Structures are given as C-alpha cells and as structure tokens.
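In: Requesting a structural model of the entry that follows:
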Amino acid sequence: MRINLLLGLATACLFSSMTLPVNAEDNTKQSDNNTRLYVEAYGFFPLETHSKTTLNNNITSETLDLNDVLDMLTGVFSGKVAVEKGRFGLQAGLDHLSFRTSEMVSSWQSSNPIQNESHPRLPQRRINSEGSIKSVTDTEQTLFDLALRYRGGAIQKPRMTPGAVSFVGFAGMRLIDASLDMDVSFKDDVTVEGILPSHKLRREIESEASETWHNTWVQPLIGMNTTVALGEDWQAFLAMDAGGFGLNGKQDLSGTIEAGLAYALGNSAQISLAYRYFGIEYSAHNGRNGYSSTQNGVSMGFRWLFD
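Out: Model prediction:
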C-alpha cells in the first residue's frame with residue numbers, strides 16, 4: 001500500500017495549515033468565532049477490491065469488482081460529524097463494513113490438534129489436508145475516528161466566494177474493531193496427511209479447522225482536507241489521512257485519499273462525487289493472524305452545515 005506516502009503528505013499538510021493566510025471576506029472576527037456543526041453521510045462503491053486473510057497461517061485471497069462486493073456485502077454504514085468553534089474543532093467518523101467471501105483452496109493446515117484415528121493412543125497432532133477444500137470467511141470491520149482539528153483560511157460552507165481556500169488539519173486516534181470467522185468444508189477427494197479419512201474424521205477435522213479471530217486496537221491518526229471554491233456553488237476538495245504506523249502489530253497501517261467535486265444545494269447543504277482509495281493492513285505480532293485490503297472506487301455523499 002501507499003500508506004507511507006499518505007503519511008508524509010498528511011504530515012506536511014497538517015503543519016502547513018498553521019501558516020495558511022486568512023481569507024478577509026469569509027473570516028471577519030464575528031463570523032470566525034461562531035460555532036458550526038458539519039454532518040456528512042456518504043456511500044462508497046469500490047470498483048476494485050484486493051483482500052487477503054490469514055488465520056493461523058492459512059491464507060485466502062480475493063480480487064473483487066463492484067458486482068462481487070455488492071453480492072457479498074452484508075452490512076455497511078459511513079458518516080462523519082464535526083463541531084467547529086472559531087478555528088478549532090472536534091471531528092468524528094464511523095465506517096462499518098461486513099461481508100462474506102468464499103474460496104476453493106487446495107491445502108489447509110489445522111491449528112488445532114486432532115487425535116489420530118488409526119492410533120487413538122498416540123498424542124494429538126496437527127493435521128495437514130490437501131484436495132478440494134472450501135473456505136467461507138465472514139469479515140466485520142468498524143473504524144471510529146476521533147480527532148482535534150484546526151482550520152486555516154476560509155470557513156467551509158456549501159457556498160463560498162470564488163477563489164476562496166479552506167484547509168483543515170487534524171490529529172487524533174482511530175479505533176479499529178475487526179473480526180474474521182472462517183468455516184472450512186472438505187470434498188470427497190480430500191486427503192489428510194496422504195490418507196483418505198473416514199466421514200467421522202473428516203467431520204471432526206472440518207469442525208476443528210474452522211477458525212475465529214477478533215481484535216480491537218487503537219491507531220494514532222493524522223490527516224487533512226482542503227477545499228477550493230471554483231465558483232459560488234462549485235467546490236473541489238482533497239482529503240487524506242494515515243494511521244497506525246506499525247505501533248500495535250507486526251504490520252499496522254491504514255490510510256485514505258479522496259478527491260472530488262461538491263455542488264451546493266442551497267446555503268446549508270451540498271452533494272459530492274469523488275474518487276476514493278482506502279487501504280488497511282494488519283498482522284498480529286506472532287504473524288499467524290491478520291488481514292489486508294485495498295479498495296478504490298467512487299464515493300457519493302451529502303453534507304449539511306448548521307450554524
């Protein structure tokens with residue numbers, strides 16, 4: 001993933017907001033000290049998704065288009081809210097995603113010991129299986145962002161003076177809650193350590209081979225968003241963030257970059273259309289469990305301003 005590049009850009013942009021000049025028209029002392037509430041709801045339609053799941057060293061991978069994602073999707077929610085008083089503020093965001101994927105693999109290693117059927121007095125041992133093996137993975141991922149923000153330049157509004165520029169830099173935390181539940185089923189051609197197992201042993205192996213992993217962790221978060229008024233009703237915007245930086249796992253990175261256009265629907269609302277890239281990569285310290293995903297596609301949203 002290009003997370004390291006995102007980190008560098010987000011860091012540079014965060015500090016540059018401190019020196020951005022103030023727009024004289026939009027930032028009179030009276031208006032700049034007002035309290036404003038921003039609310040945003042959006043939908044993300046990934047045109048391409050690459051994912052990899054590792055459970056106890058068993059790896060499955062998927063490459064999906066938008067139709068695949070919509071077929072496998074079981075739940076989704078995305079939204080943001082921000083409160084600004086003068087130039088300082090607090091913002092929060094919530095992204096929830098759950099989906100189910102299935103894949104045929106040729107080999108599987110059970111992490112759980114199983115009694116040898118032919119020699120029940122022997123100690124339990126781990127099982128290696130080969131053949132037509134189907135894995136079904138249920139994935140749930142929730143990201144909650146909370147950050148302090150500082151604005152440089154003009155106040156962000158659905159309608160702005162043409163040429164006005166607004167910049168917001170933020171730093172805070174990203175809470176990630178992720179779970180993977182993998183079920184394994186064997187076909188008739190499956191062999192276990194070179195031997196065709198009985199139906200009883202195969203059922204036992206299927207039960208033991210199915211894995212579940214759940215983890216909740218916190219990443220440091222840094223990012224920015226900037227808006228340029230192309231006209232009174234039209235705006236161009238760029239937003240990016242990066243989090244993790246390897247602090248809570250063998251690999252621990254996440255990042256977003258989004259660029260698009262927004263159009264005013266009156267003085268207090270606007271609609272947006274953007275290109276969005278999102279990537280996340282996590283691996284536990286032991287390297288046996290983790291997942292990664294990169295997505296790029298179209299994002300559509302609605303924004304409201306209350307002041």
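In: Could you count how many residues lie near D233?
Out: Close neighbours of D233, defined as other CB atoms under 10 Å, add up to 16. Glycine gets a C-beta too; all of them are placed from N, C-alpha and C.
In: ok, now the one 3 residues further on?
Out: The local packing count at A236 equals 14, with neighbours defined by other CB under 10 Å.
In: Pull the contacting residues for the residue lying closest to it once chain neighbours are set aside.
Out: Excluding the flanking residues, the one nearest A236 by CB to CB, 6 or more residues apart in numbering is V228, at 5.0 Å. Taking CB atoms under 8 Å, 6 or more residues apart in numbering, we find V228 in contact with 163-165, 235-237.
In: Please dump those residues into CSV; it should also carry pLDDT, distance to G86 and secondary structure for every row.
Out: Shown next, in CSV, are the contacts of V228 (pLDDT from 0 to 100; distance: CB to CB, whole Å; DSSP: H, G, I helix; E, B strand; the rest coil):
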residue, pLDDT, distance to G86, secondary structure
G163, 95, 23, coil
A164, 96, 17, coil
V165, 96, 18, strand
Q235, 97, 22, strand
A236, 97, 25, strand
F237, 97, 21, strand
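In: Name only those of those residues that count as buried.
Out: Neighbour counting by 16 or more other CB atoms under 10 Å classes 164-165, 235, 237 among the contacts of V228 as buried.
In: Just give me the closest of the residues you listed to A41.
Out: F237 (16.1 Å; CB to CB).
In: ok, that closest one to F45 distance?
Out: Here the criterion is CB to CB, to the nearest Å. By it, F237 lies 18 Å from F45.
In: ranges for the helices of the stretch 1-150 of the chain?
Out: 3-16, 29-32, 66-72 (DSSP state H, counting those that start in this stretch).
In: Which elements pack onto the last one?
Out: In this structure, helix 66-72 packs against strand 35-55, strand 88-109, with contacts taken as 3 or more CB pairs under 8 Å, 6 or more residues apart in numbering; DSSP states H and E.
In: least reliable of these going by mean pLDDT?
Out: Of all the helices and strands packed on helix 66-72, mean pLDDT reaches its minimum on strand 88-109 (a mean of 85).
In: and that strand, what other elements does it pack with?
Out: Using 3+ CB pairs under 8 Å, 6+ apart, strand 88-109 is in contact with strand 58-65, helix 66-72, strand 73-85, strand 128-153, strand 165-186.
In: Buried ones in it, by neighbour count?
Out: Buried, per 16+ other CB under 10 Å, within strand 88-109: 89, 91, 93, 95, 97-99, 101, 105, 108.
In: strand partners of that strand, parallel vs antiparallel please.
Out: Strands that pair with strand 88-109, judged by DSSP bridges, come out as strand 73-85 (antiparallel), strand 128-153 (antiparallel).
In: tell me the angle that strand makes with strand 35-55.
Out: Following axes from the mean of the first three to the mean of the last three CA atoms, to 10 degrees, one obtains 10 degrees for the angle between strand 88-109 and strand 35-55.
In: distance between strand 88-109 and the chain's centre?
Out: Computed by CA atoms, centre = their mean, to the nearest Å, the chain-centroid distance of strand 88-109 equals 7 Å.
In: how about the helices and strands packed on helix 66-72, which one is nearest N296?
Out: Evaluated with CB to CB, the helices and strands packed on helix 66-72 place strand 35-55 nearest to N296, the distance being 5.7 Å.
In: Using CSV, list the CA coordinates for that closest one.
Out: Extracted C-alpha coordinates of strand 35-55, given in CSV (Å, rounded to 0.1, in the frame of the first residue of the first chain):
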residue,chain,number,x,y,z
THR,A,35,-20.0,27.7,16.4
ARG,A,36,-20.7,25.4,13.3
LEU,A,37,-21.8,21.8,13.0
TYR,A,38,-21.0,19.7,10.0
VAL,A,39,-22.7,16.4,9.2
GLU,A,40,-21.9,14.1,6.3
ALA,A,41,-23.3,10.8,5.1
TYR,A,42,-21.8,9.0,2.1
GLY,A,43,-21.7,5.8,0.2
PHE,A,44,-18.5,4.1,-1.2
PHE,A,45,-18.7,2.0,-4.3
PRO,A,46,-15.4,0.1,-4.7
LEU,A,47,-14.7,-0.7,-8.4
GLU,A,48,-11.8,-2.9,-7.4
THR,A,49,-11.0,-4.7,-4.1
HIS,A,50,-8.0,-6.8,-3.2
SER,A,51,-8.1,-8.6,0.1
LYS,A,52,-6.0,-11.2,1.9
THR,A,53,-7.0,-13.1,5.1
THR,A,54,-4.6,-15.0,7.3
LEU,A,55,-5.9,-17.3,10.1
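In: by contact count, what packs against it?
Out: Using 3+ CB pairs under 8 Å, 6+ apart, strand 35-55 is in contact with strand 58-65, helix 66-72, strand 73-85, strand 165-186, strand 269-283, strand 290-306.
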